[in-house]
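Peer 1: I would like the atomic coordinates for the input below:
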Amino acid sequence: MSAWFEDESFWTAYAPLMFDEKRWAETPDVIDAIERLAGLEPGDAVLDACCGPGRHTIELAKRGYRVTGIDLTRPFLDAARETARAEGVDPELLCEDIRRFRRPGGFDLALNLFTSFGYFEDPAEDLAALTNLRASLAPGGQLVLETIGKETAVRDFIEGEWFERDGWTVLTEFSVHGAWEGLATRWVLIRGAERIDRSFVQRLYSAVELRDALLRAGFSTVKLFGSLDGAPYDEKAASLVALASA
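Peer 2: Okay, the predicted model is just below:
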């Protein structure tokens with residue numbers, strides 16, 4: 001049986017909500033922050049793991065980096081190719097699973113952004129993904145991973161909300177999975193007589209747990225931040241960002 005994240009219809013339905021104009025507009029600022037945080041050099045090879053429709057992949061390619069974007073969702077990759085052609089760039093875009101993809105020593109920087117980590121059923125699969133990312137880095141290469149920290153999930157927890165976006169009424173429900181091992185999310189989309197109802201669980205890592213997982217995956221050092229801008233991971237953190245060195 002396929003996992004929920006392998007269902008392309010899920011991503012096709014929810015893409016307009018997750019990747020709206022605001023998300024695309026913020027992309028240059030995101031890449032600016034990553035350039036500062038990771039100290040990218042002109043022409044560096046970058047892996048965008050779980051690249052989705054290619055927001056970051058395409059922006060990096062426009063700036064002259066050698067970029068490979070990987071994702072499981074073919075419609076996202078098709079959309080990324082179309083956007084890349086319109087922007088006059090040609091990043092490598094592959095339908096690959098981060099639990100299996102590795103290119104030994106192939107990249108100076110690997111990215112896993114926009115809370116794309118922690119959805120596999122078995123924690124061992126998370127570790128396999130991190131191990132593959134480590135193996136795919138050249139000596140001295142770095143990984144930037146951005147996710148929701150367990151600490152901020154507890155701090156910001158709400159049971160649900162609703163909003164209007166892209167012609168849909170969106171209802172969300174949240175609940176604690178286990179002893180804060182994860183956050184269960186249900187999204188219900190309503191537009192006229194059309195209704196889409198999906199649920200999933202994201203495994204949550206505290207800062208210490210994420211650091212330890214990265215070290216187990218073979219990274220030599222791990223620095224933790226509260227944003228891509230390098231803010232401290234403290235009570236004001238916007239997200240949990242790890243900068244891990246090979």
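
Peer 1: who touches the helix or strand of the chain with the lowest mean pLDDT?
Peer 2: Of all helical and strand segments in the chain, the minimum by mean pLDDT, DSSP states H and E falls on helix 8-18, at a mean of 77. Residues from elsewhere that reach helix 8-18 (Cβ atoms under 8 Å, 6 or more residues apart in numbering): 4, 52-53, 73-76, 79, 165-166, 168, 170, 187, 189, 196, 198. The way it works is simple: take the backbone N, C-alpha and C, and place the C-beta from them, glycine included.

Peer 1: so how far does stretch 52-68 reach from one end to the other?
Peer 2: Start-to-end span of stretch 52-68 (Cα to Cα, to the nearest Å) is 12 Å.

Peer 1: list the buried residues for that stretch?
Peer 2: Neighbour counts over stretch 52-68 (16 or more other Cβ atoms under 10 Å) mark 52-63, 65-68 as buried.

Peer 1: and that stretch, how far out from the chain middle?
Peer 2: Counting by Cα atoms, centre = their mean, to the nearest Å, stretch 52-68 is centred 14 Å from the centre of its parent chain.

Peer 1: all strands for the chain, in order.
Peer 2: 45-49, 66-71, 92-95, 107-112, 137-147, 160-165, 168-177, 182-191, 194-203, 221-225, 240-245 (DSSP state E).

Peer 1: if you count neighbours, what's buried in the third one?
Peer 2: By neighbour count, with 16+ other Cβ under 10 Å as the criterion, the buried positions of strand 92-95 are residue 93.

Peer 1: next one: that strand to chain centre, how far?
Peer 2: Relative to the chain's own centre, strand 92-95 is displaced by 16 Å; criterion: Cα atoms, centre = their mean.

Peer 1: and if you look at the last one?
Peer 2: Centroid displacement of strand 240-245 relative to its chain, using Cα atoms, centre = their mean, is 13 Å.

Peer 1: could you export that strand as PDB, CA atoms only?
Peer 2: Provided in PDB are the C-alpha atoms of strand 240-245 (Å, rounded to 0.1, in the frame of the first residue of the first chain):
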ATOM      1  CA  LEU A 240      13.900  24.800  13.400                       C
ATOM      2  CA  VAL A 241      16.800  25.100  11.000                       C
ATOM      3  CA  ALA A 242      19.800  22.800  11.000                       C
ATOM      4  CA  LEU A 243      23.100  23.600   9.300                       C
ATOM      5  CA  ALA A 244      25.000  20.300   9.200                       C
ATOM      6  CA  SER A 245      28.500  19.900   7.800                       C
END
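
Peer 1: can you give me the neighbour number for residue 43?
Peer 2: If you count neighbours by other Cβ atoms under 10 Å, residue 43 ends up with 9.

Peer 1: kindly provide the distance from residue 7 to residue 13.
Peer 2: According to Cβ to Cβ, to the nearest Å, residue 7 and residue 13 sit 10 Å apart.

Peer 1: where in the chain is pLDDT low?
Peer 2: Scanning the chain for pLDDT under 70 picks out 1-2.
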